[in-house]
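Task: produce atomic coordinates for the following.
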Amino acid sequence: MGEIILLLIVVVLAIKGDYTLFYIFGGVFVIAVIVSLFSKGPAPKKTSARPRLRIDHPHYITDDEYECGICGVRFGNPLTACPHCGVRFNGSRTDDDEYDEELDDELDMDEWGE
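Residues are numbered from 1 along each chain as shown. So this is what the prediction gives:
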């Protein structure tokens, strides 16, 4: 409703021949254009702080495996995105537990064989 009243005031002043309001609106418009030209633009969007890790599982005997840190699905290649849930990884970490277990089992087998 306020826009309509302002529009009517502008029309009435234009009909009467008082162009001061047009100069004010023109000045405000020019200032707005200048400010927009020299502004930095919108602030960049912040990415979520939640890590989206690919967990690397090296193995002593079998092929290495990789796991999605979000949904837990394992896959055989070091991909940049999960083949199951589609999340894009922003880091990785290594979980050596399975490697250590397989190595211990192998060393235990060697001891039994002697």
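
just the helices in this structure please.
In the chain, the segments counted as helices under DSSP state H are 2-16, 20-38, 97-113.

Touching the second one from outside, list them.
By that I understand helix 20-38. Helix 20-38 has contacts (C-beta atoms under 8 Å, 6 or more residues apart in numbering) with 9-10, 13-14. Every residue, glycine included, has its C-beta placed from N, CA and C.

at 7 Å instead, please
10, 13 (C-beta atoms under 7 Å, 6 or more residues apart in numbering).

residues of that helix that come out buried?
Of all the residues in helix 20-38, not one is buried under the rule 16 or more other C-beta atoms under 10 Å.

any idea of the angle that helix forms with helix 2-16?
120 degrees (axes from the mean of the first three to the mean of the last three C-alpha atoms, to 10 degrees).

how many neighbours does Phe89 have?
Neighbour count for Phe89, taken as other C-beta atoms under 10 Å: 19.
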